[in-house]
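A.B. asks: using only what follows, build the 3D model:
(chains A and B)
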Amino acid sequence: MSATEIYRAPALSTEGALAERHWRDLAARRRLYTIGGLVFLLLALSGSLWFANETNAGKFFDRLPHIADFFVELKPRDWFDPVRALFDLPSPYDDGSLKFDYPEGRVYLTQGIYIPEYFYRMIETLNIALFSTLVGSTFGFLLCFLAASNVTASRWLRFTTRRFLEIVRAFPEIVIAGFFLAIFSLGPIPAILAVSIHTVGALGKMFYEVVENADMKPDEGLRAVGANWVERVWFGMVPQVLPNFMSYFLLRFEINVRASTILGAVGAGGIGESLRLSISRGHEAKTIAIVFLLFCTIVAVDQFSAWLRQRLVGRQAFAYGRGE
Amino acid sequence: MNADAINDIAARYPDAFQRPLWKRYAAPFGILLCILYTFYCSWFFSIGIVLGKANWNLAGAYLADWVSYEIRPDIEFKDGYLTIDYSRFSKLGSNPNPDWVIKQIAEVERRVDAAPAPAAATDKSSQGSFMAAGAPTAENPAPSPDKPVPAAPKTVREKAVVAATVVLGSGQIAIAPNLVTVTRGAESVVFDIAKDRSVTPRTPLPDWIEQRKPGSTAYVSFGFLGRAEVQNDEVIAWRRFFGWANFVFDTNSPFWGKSFGEVASLIVSGERIDPSRSNAALAWDNILYNAEWQHGDVWLKLLQTIVMAFVGTVLASVVAFPLAFLAARNITPNWLTNQATKRFFDFLRSVDMLIWALFFTRGFGPGPLAGMSAIFFTDTGTLGKLYSEALENIDDKQREGIRSVGATPTMVQRYGVLPQVLPVFLSQSLYFWESNTRSATIIGAVGAGGIGLKLWEAMRTGTNWANVFYMVLLILIVVFVFDNISNYLRRKLMGTVGNGNDERARGASARLLAAA
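C.D. replies: Predicted coordinates:
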């Protein structure tokens, strides 16, 4: 560093000079690696950008002035119209087309009380996410103890469970959804299955890592009084891992809300489908209403889950990951 | 332990012995809630009805299609002879003659007129020894006397297939104009065919043959080896072969059906097949434009997906990096700037990647630009938040040290802050790179470019599951390779530092993985 250059040290001994030269060599090599890495990154980036631009339907610079067009197109007739779309109130512009048929989508609970269409769709998406998280975490919970090295002695069983969880996790959700979409008709069931199956793998892995980090003293105590395997797991392991499990459950729920929205957009029902349809048909007010609803829901879910997680495990598990 | 001791313990640990009621019943109550919710959901999504209606045989067939393919000879009964057709785009090329369809050819008389001919011209003697098993002539389609006979049909004698045997492993189907014998293992069933009227088994059907009502089409199952339908005017057999058909060259290619050695020798030293270019170029072109597998297109789309994830993550990191310094309250001691930047990150993150993808697909048109912009926008938010959290957790001592020797503010950031957080930043970006490779596949399906859309379309048509599996395998390989690259780089990075952020990053990383 610069300090060594400013401070003129007395002449170094032979060993000192050797060490100094070695340090300089290392620093130079390090700098070379850094610069080389950056150059490589820059080349890869520009190559990638060029390739992406070449293979895209619209070219970047041709389309750039038109990006805003989309927002201009999205401008509704008046700014109260999205509110009508959101709550399924009749629109003054109703011309019989799909564009302004807001009351059509009402889901009546009783004669007079209805749920607006997009709220219903949002509930559907949330239910898909919550239910698949529940199913996935149930199986993840059952499997994680078999994969944990401190609970399951059988190497073979552990190995099988872990590989199973890995395989299940590796498949993108869309592949599973597409496969089940071919067997069932369109609808939320393929999305539930896809998200659940992926969740089993993802949560199973998180769970068994928690179990492996658990304190073994309760287990030893239970073993000493002659408890069997199930009792040891249930009374020794579960109480201490449960808060962490809950925290991961909530994290996964956040992720799954997003995943089920996306799966909805490719045909698995819920709000995602409504959004895709309204965007592709150019229904401004509806699109704004859905985007607003989706945004609010995601913020609400994130906040709620963050709050609950903080209550469950404190600050330590407050970090969040991809999709979160 | 006596009662006193127990009471003593109970008095000392009231939490353990007299827990509040809600705590005591929290577990059963939670489980009950979950069960109730499950019931609610199964009502909400009518899960029972949908699962009941699902065609599970179809699921098996689709799964089998991932790793195998079927060839379908279609054997039609004519008067006294048979015609064998293969579907138009058969995997066996334009003129199939597989050795597992054994044909018996004899000379028959037939009418060339297309009239709905009465079976007068049937020449029984020419039907060969196969019929010696005893074909019931009574079952011949009766001539219909009241039908107007068109202008005198011409009768020609020519060679035709009079009997055919389709071999499916241990099973086989022997077909003659009025008689079909289906054999599977030791069991065998003979069907009498009344042309265009009925299919009648002579013996009771075993459980691998299904006939929904007497006289109707019989469905024969040979397990994985194939299946067949015995109809009153034709027999359709599906023979299943393990593997992927015509994976390298399609049937239109001059290299089709040649062994690896033959192709290699053609490429190295063969005569030019297409005079305008070398055989190697032709072969490469044939592979890229293989009509069934579309290798060129699949690889292009896969590269798009990779590029989307890569560029999206790199740009997001680059933009999030300076913004995170603004958002961290210990770096920028300005409440307004902190809050504005943080809320901006939250906004980018909460507008879902799906919405960004749909927006940019409209803006740029379908393609990788839309996908990479969506990833870029979402991840700027997420990475910005993670980065600023890492910055807020740094050790202040190093900054103070640098400041105390009179460094400029930039120098303080460079030597006091950056060495602490850079490995964490890079590590987090690498995690996102890896996980974005998966996300890019998914958002591709809504039109944002890459292999996602191609995969989704292949799945939606539901006919070409081998192609689907091929693409899934490619995706899995890419994800696996990038996982390992990113793990390797991360290990190298994290190995060099040992401060508190290291642990934190590992914790956060584990959580990131949960999402992957």
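
A.B. asks: ok, residue B:460 - contacts?
C.D. replies: Neighbouring residues of residue B:460 by Cβ atoms under 8 Å, 6 or more residues apart in numbering or on different chains: A:178, A:181-182, A:267. Using the backbone N, CA and C atoms, a C-beta is placed for each residue, glycine as well.

A.B. asks: what residues sit buried inside the host helix or strand of residue A:192?
C.D. replies: Using DSSP states H and E, residue A:192 maps to helix A:188-212. Going by neighbour count (16 or more other Cβ atoms under 10 Å in any protein chain shown), the buried part of helix A:188-212 is A:188-211.

A.B. asks: check which helices and strands the next helix or strand after it sits against.
C.D. replies: Per DSSP H and E, the first helix or strand lying C-terminal to helix A:188-212 is helix A:217-224. The contact analysis (3 or more Cβ pairs under 8 Å, 6 or more residues apart in numbering or on different chains; DSSP states H and E) places helix A:217-224 against no helix or strand.

A.B. asks: and chain B, which of the buried residues of helix A:188-212 reach it?
C.D. replies: A:188-189, A:192, A:202-203, A:205-206, A:209 (Cβ under 8 Å from any Cβ of the partner chain).

A.B. asks: identify, from those, the entry nearest to residue B:371.
C.D. replies: residue A:202 (22.5 Å; Cβ to Cβ).

A.B. asks: hang on, that closest one packs against residue A:166?
C.D. replies: No: between residue A:202 and residue A:166 there is no contact under Cβ atoms under 8 Å: 10.4 Å.

A.B. asks: SS state for residue B:248?
C.D. replies: Taking DSSP: H, G, I helix; E, B strand; the rest coil as the rule, one finds residue B:248 in the coil state.

A.B. asks: surely it meets residue B:290?
C.D. replies: Yes: using Cβ under 8 Å, residue B:248 is in contact with residue B:290, at 7.2 Å.

A.B. asks: higher neighbour count, the two?
C.D. replies: residue B:290 (22 against 17; other Cβ atoms under 10 Å in any protein chain shown).

A.B. asks: OK, contacts around residue A:194?
C.D. replies: Going by Cβ under 8 Å, 6+ apart, residue A:194 touches A:173-177, A:180, A:263, A:268.

A.B. asks: now swap in residue A:270 and tell me
C.D. replies: A:121-122, A:124-125, A:128, A:188, A:191, A:260-261, A:263-264.

A.B. asks: just the contacts of residue A:194 that are near chain B?
C.D. replies: A:173-175.

A.B. asks: for residue B:315, see how far away residue B:490 is.
C.D. replies: 20 Å (Cβ to Cβ, to the nearest Å).

A.B. asks: how about the strands in chain B?
C.D. replies: B:68-71, B:73-77, B:82-86, B:101-111, B:155-168, B:171-176, B:179-184, B:187-194, B:198-201, B:209-211, B:218-221, B:226-230, B:234-242 (DSSP state E).

A.B. asks: pick the most deeply packed of those strands.
C.D. replies: strand B:171-176 (a mean of 24; mean count of other Cβ atoms under 10 Å in any protein chain shown).

A.B. asks: hmm, who's touching that strand?
C.D. replies: B:75, B:82, B:127, B:130-131, B:135, B:162-166, B:180-185, B:220, B:222, B:225, B:228, B:230, B:235, B:237.

A.B. asks: how about TSV for the strands of chain B, with mean pLDDT added?
C.D. replies: Putting the strands of chain B into TSV (pLDDT from 0 to 100) gives the following:
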stretch	mean pLDDT
strand B:68-71	84
strand B:73-77	85
strand B:82-86	82
strand B:101-111	78
strand B:155-168	81
strand B:171-176	85
strand B:179-184	86
strand B:187-194	86
strand B:198-201	86
strand B:209-211	85
strand B:218-221	87
strand B:226-230	86
strand B:234-242	85
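
A.B. asks: so where's the stretch 201-324 of chain A uncertain?
C.D. replies: Counting by pLDDT under 70, the stretch 201-324 of chain A contains low-confidence residues at A:314-324.

A.B. asks: which residues in it form helices?
C.D. replies: With DSSP state H, counting those that start in this stretch as the criterion, the stretch 201-324 of chain A has helices at A:217-224, A:229-231, A:238-263, A:271-281, A:284-313.

A.B. asks: comparing those, which comes out most buried?
C.D. replies: helix A:238-263 comes out most buried of the helices of the stretch 201-324 of chain A by mean count of other Cβ under 10 Å, with a mean of 24.

A.B. asks: any idea how far that one is from the chain center?
C.D. replies: 10 Å (Cα atoms, centre = their mean, to the nearest Å).

A.B. asks: residues near residue B:488, how many?
C.D. replies: Around residue B:488 there are 11 residues (other Cβ under 10 Å).

A.B. asks: now swap in residue A:34 and tell me
C.D. replies: Count around residue A:34 with other Cβ under 10 Å applied: 10.

A.B. asks: from chain B, how far out is it?
C.D. replies: 11 Å (Cβ to the nearest Cβ, to the nearest Å).

A.B. asks: packing partners for the longest helix along chain A?
C.D. replies: Secondary structure of chain A per DSSP state H: the longest helix is helix A:14-55. Under the contact criterion of 3+ Cβ pairs under 8 Å, 6+ apart, helix A:14-55 touches helix B:295-327, helix B:368-392.

A.B. asks: and the ones you listed, which is most packed in?
C.D. replies: The most buried one of the helices and strands packed on helix A:14-55 (mean count of other Cβ under 10 Å) is helix B:368-392, showing a mean of 26.

A.B. asks: who does it touch, helix- and strand-wise?
C.D. replies: helix A:14-55, helix B:295-327, helix B:335-350, helix B:353-364, helix B:418-443, helix B:500-515.

A.B. asks: okay, the angle between that helix and helix B:353-364?
C.D. replies: 140 degrees (axes from the mean of the first three to the mean of the last three Cα atoms, to 10 degrees).
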